[in-house]
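*Asks:* Got a predicted structure plus its sequence, pasted below:
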Amino acid sequence: MMTNIDILGIAMEQSAADIGCRAEDFRADKNVIVPFDPAPDAKKYYKPPITCNFISYGNNTVAAVTDEVAGIVTEYLSRFEFYHCFETPNMHWLSERLAPLGQAVCFMAEYYLPDMNRLISLPCAYELKVLEKGEFEDLYLKEWSNALCYDRKHLDMLAVGAYDGDQLVGLAGCSADAAEMWQIGVDVLPEFRRKGVAAAITSKLALEITERGKVPFYCTAWSNIRSVRNAIKSGLIPAWAEMTVKPVDSVNEINLQ
């Protein structure tokens, strides 16, 4: 069984592959800036173009940059405490200097890893079923769009459903976004929320993933309090934060979706 130290080490190795740094850079006591150079085994959901990616595991900030923003990012990291580089109003300083280059802050998220001292299968009032690959092909529906992703269905590996009789009321699914790390997504029908369903299927799926020798991880926005509460209740704890910079045109395309 993996320990918390093992899990954190795997996550850091993967983050290093994602941006082109060394895993030990995340443990440094000062900020690190490297050229953005993702490895072939970077997480599958990263989509170019990416101008800069900031990652912090709580010790410092590691920024992977393209040449055009290297000077701005270097000054940014030297001006503010590393943990404030992911917050407003300091981000306004960065945004103002990126704008003339046609760049903008895009994604911001917090990522969670299992605490193996707390991760247990939580009780549920509904029957839980583990669904192997090939057993959830008919579940690529709008109500399960966080748990399963049709556009990347080849990466969906495993799911746990909560059933009220024959009715599926909650679904947690995971995608093989990296060779050793599978990302969890969760959906619960509105009328079945606040009944412990989300935490039960999330914790069950996280355990199933670890039993297969993989590391489960979970992503949410800081403002998605419902999702944050579910992560913590399920035995997952904050591990790292990311912030990406993309061309303004790419950001505008996302806003039009």
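*Replies:* Ah, there it is. Residues are numbered from 1 along each chain as shown.
*Asks:* Strands along this structure, start to end?
*Replies:* In the chain, the strands defined using DSSP state E lie at 32-35, 52-56, 62-65, 103-114, 127-132, 156-164, 167-175, 181-188, 215-220, 236-247.
*Asks:* Show me where the stretch 1-150 of the chain dips below the pLDDT cut-off.
*Replies:* Within the stretch 1-150 of the chain, not a single segment meets pLDDT under 70.
*Asks:* can I get the strands of the chain in JSON lines with distance to residue 197 and mean neighbour count?
*Replies:* C-betas here are computed from N, CA, C, even on glycine. Shown next, in JSON lines, are the strands of the chain (distance: least, C-beta to C-beta, whole Å; neighbours: other C-beta atoms under 10 Å):
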{"stretch": "strand 32-35", "distance to residue 197": "41", "mean neighbour count": "16"}
{"stretch": "strand 52-56", "distance to residue 197": "32", "mean neighbour count": "24"}
{"stretch": "strand 62-65", "distance to residue 197": "37", "mean neighbour count": "25"}
{"stretch": "strand 103-114", "distance to residue 197": "18", "mean neighbour count": "20"}
{"stretch": "strand 127-132", "distance to residue 197": "9", "mean neighbour count": "14"}
{"stretch": "strand 156-164", "distance to residue 197": "5", "mean neighbour count": "22"}
{"stretch": "strand 167-175", "distance to residue 197": "4", "mean neighbour count": "25"}
{"stretch": "strand 181-188", "distance to residue 197": "5", "mean neighbour count": "24"}
{"stretch": "strand 215-220", "distance to residue 197": "16", "mean neighbour count": "24"}
{"stretch": "strand 236-247", "distance to residue 197": "16", "mean neighbour count": "21"}
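*Asks:* closest to residue 84 out of those strands?
*Replies:* Between residue 84 and the strands of the chain, the shortest gap by C-beta to C-beta is with strand 52-56, which sits at 10.6 Å.
*Asks:* Which neighbours in the sheet does the closest one have, and how are they oriented?
*Replies:* Strand 52-56 sits in its sheet next to strand 62-65 (antiparallel), strand 236-247 (antiparallel), going by DSSP bridges.
*Asks:* returning to what we had before: using CSV, lay out the strands of the chain together with distance to residue 90.
*Replies:* Shown next, in CSV, are the strands of the chain (distance: least, C-beta to C-beta, whole Å):
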stretch, distance to residue 90
strand 32-35, 17
strand 52-56, 12
strand 62-65, 14
strand 103-114, 11
strand 127-132, 44
strand 156-164, 37
strand 167-175, 33
strand 181-188, 29
strand 215-220, 22
strand 236-247, 11
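*Asks:* out of those strands, nearest to residue 257?
*Replies:* strand 103-114 (12.9 Å).
*Asks:* for the closest one, packing partners?
*Replies:* helix 4-19, helix 90-98, strand 215-220, strand 236-247, helix 248-256 (3 or more C-beta pairs under 8 Å, 6 or more residues apart in numbering; DSSP states H and E).
*Asks:* and the ones you listed as JSON lines, adding distance to residue 183?
*Replies:* As requested, these are exported to JSON lines (distance: least, C-beta to C-beta, whole Å):
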{"stretch": "helix 4-19", "distance to residue 183": "11"}
{"stretch": "helix 90-98", "distance to residue 183": "25"}
{"stretch": "strand 215-220", "distance to residue 183": "6"}
{"stretch": "strand 236-247", "distance to residue 183": "12"}
{"stretch": "helix 248-256", "distance to residue 183": "19"}
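*Asks:* Of these, which is nearest residue 107?
*Replies:* Among those, strand 236-247 sits nearest to residue 107 (C-beta to C-beta), with 4.7 Å.
*Asks:* contacts for the closest one?
*Replies:* Identification of contacts with strand 236-247 by C-beta atoms under 8 Å, 6 or more residues apart in numbering yields 8, 11, 15, 26, 49-58, 69, 85-86, 98, 102-115, 118-119, 202, 206, 216-218, 231.
*Asks:* Thank you, goodbye.
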